[in-house]
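*Asks:* I'd like to go over a predicted model; first the sequence, then the structure.
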Amino acid sequence: MIVIDHLHFAYPDGRLALRDVSLRIGRGETAGLVGPNGAGKSTLLLHLNGLLGLPRQAGSICVDGLMLSEESLPEVRRRVGLVFQDPDDQLFSTTVEEDVSFGPQQLDLTPGEVGARVAKALAAVQLSGFQQRIPHHLSLGEKKRVCLAGVLACQPAVLLFDEPTADFDPRGRREFIELCRSLPATKLIASHDLEMILALCTRVFVLDAGLLVASGATHEILGDEPLMLAHGLEKPHSLFHRHPHGPMPEGHH
């Protein structure tokens, strides 16, 4: 579903954000993306629907069989939904209904179809009845769920999450994990919440200073304490109570 080959990216100020990153994510898979601050996680997510433009320095990106290019960019953006870390970067309308309906309205749907998608998306994130609420008067958790509803209303094949559980209370976090588990789309989740990554992701990629330094089965990668410490992370507490899962997979270095 997602194929990235030798992606290299530097920001205009010269800061190198991604260095020769290659990875594959299968259709329907839920994968995690972890690493310290400044590792390049958000930059990688932004590349997957062209928000930083097309790969310029080197590399290629293919999503759902479409190579990212000027011609394919509108269709790729229809198939890839991104939920930002800060919901205030994503919310801009005066009511929840207007915000959630904005995406579907760009898809040549009838007003009835748009309304049905909005209602279904709000129900999915447990915000039914919030249509006329003012987004900026909502709690942080509610704002994040409105952002997710806006993405779900477009019915993307790929969902990208940037720190989705940041600042959630425990109940909100549990609800997000259950919601995410129920979504059929291919998912890539970038987060410092390693327990959440452990709960949702079958595979994980470790980025540090723009380099993909490890990838493999989630329990094995996150359970490697020397690896975690070497890259500014910590072994999840829950893994200290598990039995070892055997040797590290190939490709771990």
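*Replies:* That came through fine. Note that the structure is predicted; figures quoted are calculated from it, not measured.

*Asks:* please enumerate the strands of this structure.
*Replies:* Secondary structure of the chain (DSSP state E): strands located at 2-10, 16-25, 30-34, 58-63, 66-67, 80-83, 158-162, 186-190, 203-208, 211-217.

*Asks:* low-confidence bits of the protein, can you list those?
*Replies:* Across the chain, the ranges flagged by pLDDT under 70 are 56-57, 241-253.

*Asks:* can you give me the helices in it?
*Replies:* Assigned by DSSP state H, the chain shows helices spanning 41-47, 73-79, 96-105, 111-124, 140-152, 170-182, 194-200, 218-222, 225-230.

*Asks:* out of those helices, flag the one nearest residue 131.
*Replies:* The closest approach between residue 131 and any of these, judged by CB to CB, belongs to helix 96-105 at 3.8 Å. Just so you know, the C-beta spots here come from the backbone N, C-alpha and C atoms, and that holds for glycine as well.

*Asks:* can you list the helices and strands that the closest one packs against?
*Replies:* On a contact count with 3 or more CB pairs under 8 Å, 6 or more residues apart in numbering; DSSP states H and E, helix 96-105 meets helix 111-124, helix 140-152.

*Asks:* what does that helix contact?
*Replies:* Under the contact criterion CB atoms under 8 Å, 6 or more residues apart in numbering, helix 96-105 has outside partners 91-93, 113-115, 117-118, 121-122, 127, 130-135, 138, 146, 149-151, 153-154.

*Asks:* check stretch 65-85 too.
*Replies:* The contact list for stretch 65-85, computed with CB under 8 Å, 6+ apart, reads 42, 45-46, 48-51, 54-55, 60-64, 90, 107, 144, 147-148, 151-152, 154, 156-164, 166, 185.

*Asks:* and it, end to end?
*Replies:* 27 Å (CA to CA, to the nearest Å).
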